[in-house]
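Asks: just to be clear, the model below is a prediction. Sequence and coordinates:
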Amino acid sequence: MNTPVLALADVTYRRERKMILHGVSFTVHQGEHWALLGPNGSGKSTVLGFCGAVTHPTSGTVHVLGEQLGRVELQALRRSIGHVNPRHPLTSPLTIREIVLTGITGTIETPLRWQPQPDEADRVDALLDTLGLLRIAEDRWPTLSQGERGRTLIARALACAPRLLLLDEPSTGLDLAAREYLLETIDLLDETHSEITSVLVTHHLEELPRTTTHAVLLAKGRVVAAGPAETVITTDNVSTAFAHPIEVHRHDARWTARTRRATRPDPAATH
Ligand SMILES: Nc1ncnc2c1ncn2[C@@H]1O[C@H](COP(=O)(O)OP(=O)(O)OP(=O)(O)O)[C@@H](O)[C@H]1O
C-alpha cells in the first residue's frame, strides 16, 4: 500500500488547560475524498489545522504527505497543500485571474514585480476554464458573488498543483443554486485532478459532494466513526455525534438529514 497522504494516530490537543481533541486517529490514502463532520465545537477546524500542517498535536503523531509534523519544516510541506478558506483575507481588489495566480506565489496579494512564466499563465487559464471562470477572469474580488469567490479560491488552491486539497466549509453562505454548482465543480475535480486527495469540512450532510468516499464524524473532540462514507454517515452515528435523533438518507450519492420524528399512533388505524 502507498504511503498514506494523512495519518493521525492517537492525536490529542490541549489549549489553555482545555482538552480539545482526545485520541483522534484516521488514515487517508491517495485519491480518497474525506469529509470531516461534526457539530459546532467538535474539533473539525483543529483537525484540519493538522492536515494543513498549521498546528502540531500535543501528543500522538500526525504524518502529512509522508512527513511527521514536528520533524519537518512546515512551510515546505504547505507548498504541496491547497487550502480553500472561505475567510480568505484579501484586501485589494484583485481580478479572478490575479487571485488564482497568487496560488502559485503562495501569497495573498500579488508580489511586487512578479510575472507568471508562460507555462504558469497557461496552467491558470486551464484552471479558470475548468472552474467556469474564464469568461469573468477580469472581474474583481469585491464584485464577485459568494459562489464565484468559492470557485476562485478552489482554482487558487489548485494553482500550486497540490497533492492534498483542504476545503473548509466551502458552501458557507451560498444559495441553493450556487451551492449545487460548487458541489458539481468539486465532483468534476475527481475527473480533472484524479490524483488529488481531499478533506472537506462541513456541518451539513446536504453539502457533501457525490464524490465523497470517506468520512470522520467527530463529537466533543472524539471520533464517533471513521472510514468509508456509507458506513460512517448513518442514522445511528450522526444521531450520536449531534446528540439529537437524526434520520439520514442517501439518494443518488447525496445525503440528507432531518430530525427523526417520534412515531405517533395513526388516527386512521382501526383497532
Ligand atoms: N486556541 C484555542 N484556545 C482555547 N480553546 C480553543 C482554541 N481553539 C479551539 N478551541 C476550542 O476547541 C473546540 C473545538 O474547536 P474547533 O474550532 O476545532 O471546532 P469546530 O468543529 O471546527 O467548530 P465549528 O463547527 O463551530 O467551526 C471548541 O470548543 C473551541 O472553543
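Replies: The structure has been received and is ready for your questions. Residues are numbered from 1 along each chain as shown.

Asks: drop to CA atoms for contacts and neighbour counts, all remaining ones
Replies: Will do.

Asks: all strands for the stretch 1-150 of the chain, in order.
Replies: With DSSP state E, counting those that start in this stretch as the criterion, the stretch 1-150 of the chain has strands at 6-15, 18-28, 33-37, 59-64, 67-68, 81-84.

Asks: can you redo these as a markdown table with distance to the ligand, mean pLDDT and mean neighbour count?
Replies: Listed next are the strands of the stretch 1-150 of the chain as a markdown table, based on distance: least, Cα to the nearest ligand atom, whole Å; pLDDT from 0 to 100; neighbours: other Cα atoms under 10 Å:
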| stretch | distance to the ligand | mean pLDDT | mean neighbour count |
| --- | --- | --- | --- |
| strand 6-15 | 5 | 96 | 19 |
| strand 18-28 | 5 | 96 | 18 |
| strand 33-37 | 8 | 97 | 26 |
| strand 59-64 | 16 | 96 | 21 |
| strand 67-68 | 21 | 94 | 18 |
| strand 81-84 | 15 | 93 | 25 |
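
Asks: would TSV of those strands with distance to residue 91 be doable?
Replies: Below are those laid out as TSV (distance: least, Cα to Cα, whole Å):
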stretch	distance to residue 91
strand 6-15	30
strand 18-28	32
strand 33-37	29
strand 59-64	31
strand 67-68	33
strand 81-84	17
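
Asks: so which of these comes closest to residue 101?
Replies: Residue 101 sits nearest to strand 81-84 of all those, at 13.0 Å, using Cα to Cα.

Asks: direction included, what does that closest one pair against?
Replies: Strand 81-84 sits in its sheet next to strand 164-168 (parallel), going by DSSP bridges.

Asks: can you name the element that comes right after the strand it pairs with?
Replies: Downstream of strand 164-168, the first helix or strand assigned by DSSP states H and E is helix 176-192.

Asks: for the lowest-mean-pLDDT helix or strand in the chain, name the packing helices and strands.
Replies: Lowest mean confidence among the helices and strands of the chain (mean pLDDT, DSSP states H and E): helix 74-78, at a mean of 85. Contacts defined by 3 or more Cα pairs under 8 Å, 6 or more residues apart in numbering; DSSP states H and E place helix 74-78 against no helix or strand at all.

Asks: ok now that helix, how far from the chain's centre?
Replies: 18 Å (Cα atoms, centre = their mean, to the nearest Å).

Asks: cross-check the contact I'm expecting between residue 94 and residue 144.
Replies: No - look at residue 94 against residue 144 with Cα atoms under 8 Å: they stay out of range, at 10.8 Å.
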